[in-house]
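Asks: Kindly return the folded structure for what I paste below:
(one chain, ligands or ions: 3)
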Amino acid sequence: MSAELSYMGVDLTRPRVAFFELSSCEGCQLQLLNKEASLLDFFNLLQVVQFREAMSEKDDTYDVAFVEGSVTRADEEERLKIIRKRAKILIAFGSCACFGGVNQLKNRFADQDWVKREVYGDFAIDTQPVRPLADIVEVDVNIYGCPVKKEEVERIVTDLVVGKTILYPKYPVCMDCKANENICLFDLGEPCLGPVTRAGCDAWCPNNRMGCWGCRGPAEAANVEQLKNIMAEHGFSSETLLDRLECFGGFSAFVDGLRQPQQDTGKQGSGI
Ligand code: SF4
Ligand code: SF4
Ligand code: SF4
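Replies: Ligands and ions are numbered 1, 2, ... in the order given. Here you go, the predicted model:
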């Protein structure tokens, strides 16, 4: 890491940082650029050497690599390995990178050729089952969310720069939701994964009167069985629960026991 600035005689280390995208909507990178009020302060902490969404310069010497998106093609796998070799710290940036994200919905279909035909017709395209970064390379830091929450990114990056341990909330979204004095959406007739989902987004969706879809993955000791009971008490089927649990890939370890066998074409246990 290089020191290029000083404040009152003390060197400030500014890591060289690069941003990359694999299969993604690029919304996580956009999220970072969107909040202009703190953008300059944030970038003062870093030397950004590659960030296609924000600049045309490119330099392959970096300390920290933010990688957005999941791996769905052979060339992405190779690219990711090269990024890993070059970076001292590799950050899985957003739920696509951490869990496969919405892209991994296609893995629910047993017949991938059928999926390819349905989506692309006869167009020749390289597309493989979706994998999160950690299935291919070692990941040092996960930043969850679809999209990531910018305030959390800023906190994590600041902790990295000053050498602090990176901590995540272990408690579920419900804690923040209640602190924000929201009326529980179950009482308003909507399902919500807040009881089992890792907090850190400040209950973004319930604050806006929408149930949580679990984009940040499971909270510590997430009790999905109990959530299934809560859903049933409020008249929601296990298919409704499955739809949400499977949406971003973070709950993949929990869904097998809940999945019902399906009978139709290429679908396998999609619950839809
Ligand atoms: S995590 Fe969500 S917002 Fe981020 S790249 Fe993936 S789909 Fe887009
Ligand atoms: S709305 Fe969702 S996050 Fe909020 S208290 Fe109810 S279940 Fe929890
Ligand atoms: S409330 Fe749930 S779905 Fe919405 S941003 Fe937070 S973790 Fe993601």
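
Asks: Return the residues in contact with the residue nearest the centre of the chain.
Replies: Centre of the chain computed as the mean C-alpha position; nearest residue by C-alpha atoms, centre = their mean is residue 95, 1.3 Å away. When contacts are counted by C-beta atoms under 8 Å, 6 or more residues apart in numbering, residue 95 is found next to 101-102, 144-146, 215-217, 248-250. (Glycine included, C-beta is placed from N, CA and C.)

Asks: go again using 6 Å as the cut-off
Replies: By C-beta atoms under 6 Å, 6 or more residues apart in numbering, the contact set of residue 95 is 101, 146, 215, 248.

Asks: cool, and residue 107?
Replies: Taking C-beta under 6 Å, 6+ apart as the test, what residue 107 contacts is 129-130.

Asks: One more: residue 143?
Replies: Applying C-beta under 6 Å, 6+ apart, the residues near residue 143 are 93, 153, 156.

Asks: Whether stretch 152-163 contacts ligand 1 - can you check?
Replies: No - contact between stretch 152-163 and ligand 1, assessed by C-beta under 6 Å from any ligand atom, is absent, since the two come no nearer than 11.4 Å.

Asks: Now that we have the contacts of residue 143, can you turn them into TSV and tack on secondary structure?
Replies: Shown next, in TSV, are these (DSSP: H, G, I helix; E, B strand; the rest coil):
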residue	secondary structure
93	strand
153	helix
156	helix
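
Asks: List buried residues within these.
Replies: Among those, those that count as buried by neighbour count (16 or more other C-beta atoms under 10 Å) are 93, 153, 156.

Asks: From what I see, the last one and residue 165 are in contact.
Replies: No - the pair residue 156 and residue 165 fails to qualify as a contact (C-beta atoms under 6 Å) at a distance of 10.8 Å.
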